[in-house]
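Undergrad: Okay, predicted coordinates and the sequence, questions at the end:
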Amino acid sequence: MRFGLAGFPGSGKTTLFNAMTGLNVPVGYGGEVRVGTVRVPDPRVDFLSRVISPKKTTYATINLRDVPGEYGAGAKVLSPGSLHEIRDREALCLVLRDFLNPALEGDPDPLGDLRAFHDECVLADLAVVERRLDRARKERADVREIDAFETCAGALEEGRALRVLPATELHRGFVKGYGLLTDMPLLAAVNVAEDQAGEELSPELAREVDQMGGAAMVLSASVEAEIAMLEPDDQAEFLEDMGLPEPILARFIRTAYGLMDLISFFTIGREDVRAWTIKRGTVARAAAGQIHSDMERGFIRAEIIPYDVFAEHGSEQAVKEVGLMRVEGKEYVVVDGDLVHVRFNV
């Protein structure tokens, strides 16, 4: 999963990036893009690894790209280069400042920042869509492609995010690959002062994010940076004192998975126990392709053990002996927690 971490200068975006990745990137305005990879904690992977004792254990990961923000022409903008850096991401996380920053003038305005970012993305997408639409008409492209880009243009001209358009209205197969920012899943991270770390999202901001088809969460990046530096036992005590249920990484991952409708399935063996991330509703053959393209091409069947069944019986052999391992075809919809063994031939 590839997230672009965006935000205007002073939002605390880099502090949040450091807290989640464990890196120590200097905090400041502008600068180069920073990239970090974080492991997705999963107690199911921990259990499978303890039982099987493989040579290697591979967790799912999230790749974060911290894109610097810039001021321009007296208004908050992201440069064309910054926008380009997030076009190849799978999702966006927008960090919104809701705390006093002595280095900046004026009070925080997370709602105004959200709208400014949305407007920027709408204009950037409209430029891409209009260029492609003009070329598609001249080339007499597939009428369905022209229709898809006309639908995009109409929504963007009205100031609407493309992500709110249902599949029945927008054929995304034709616009995929253009990196349209308003069609990417959006997670708004509202960065508050330390004494507000446990507070709820304001109703007005919640409504605005919902209208844009996104999700939102409240955090204090400075608090999370402190937590990240503590030992696990000390973290639990600190979280309790702050009224927080868990560290930011766990909350971020859970919110991101829900926003993108993602699930995990597992492959197990003496060489490797591994978690794989797929969209909910993915069929077995397509899931096999996540492991290797040959598996999808030569798919025969999938042997399935639900995680809870494996945990109850303790081994693959024990599950087979009680007849609870299932054999499924290519159209089987993989369920969160499935242990999958693919039979294939190429």
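TA: Great, that's in hand.

Undergrad: neighbours around residue 135, how many?
TA: Applying other Cβ atoms under 10 Å, we find 11 residues neighbouring residue 135. The C-beta positions use only the backbone N, C-alpha and C, and glycine is treated the same way.

Undergrad: cool, and residue 34?
TA: Counted with other Cβ under 10 Å, residue 34 comes out at 18.

Undergrad: Isn't it up against residue 14?
TA: Yes: at 7.4 Å, residue 34 counts as touching residue 14 under the criterion of Cβ atoms under 8 Å.

Undergrad: Relative to residue 96, how far out is residue 218?
TA: Noted for residue 218: a distance of 10 Å to residue 96, by Cβ to Cβ, to the nearest Å.

Undergrad: Also residue 231?
TA: From residue 231 to residue 96 the distance is 31 Å (Cβ to Cβ).

Undergrad: out of these two, which sits in the busier spot?
TA: residue 96 (26 against 7).

Undergrad: Phi and psi next, for that one.
TA: Residue 96 adopts backbone torsions of phi -110, psi 130, taken as degrees, to the nearest 10.

Undergrad: Tell me the pLDDT of it.
TA: At residue 96, the pLDDT value in this model is 95.

Undergrad: ok now do it, which residues does it touch?
TA: 7, 11, 110, 113, 114, 188, 189, 190, 191, 205 (Cβ atoms under 8 Å, 6 or more residues apart in numbering).

Undergrad: Could you point out which of these is nearest to residue 22?
TA: The closest of the contacts of residue 96 to residue 22 turns out to be residue 189 (Cβ to Cβ; 17.7 Å).

Undergrad: Let me see the ranges of the strands in the protein.
TA: Secondary structure of the chain (DSSP state E): strands located at 2-6, 34-39, 56-58, 61-66, 70-72, 75-77, 91-98, 186-192, 215-219, 262-267, 272-279, 299-306, 326-328, 338-344.

Undergrad: Now tell me which of those the model trusts least on average.
TA: With a mean of 51, strand 70-72 has the lowest mean pLDDT of the strands of the chain.

Undergrad: shared neighbours of residue 218 and residue 96, anything?
TA: Listed as contacting both residue 218 and residue 96 by Cβ under 8 Å, 6+ apart are residue 190.

Undergrad: Tell me where the protein is predicted with low confidence.
TA: Low-confidence segments of the chain (pLDDT under 70): 25-31, 69-77.

Undergrad: can you rerun that using 50?
TA: For the chain, the stretches flagged by pLDDT under 50 are 29, 71-74.

Undergrad: Kindly report the domain assignment for it.
TA: As assigned by automatic domain parsing, the chain contains the domains 2-259, 281-344.
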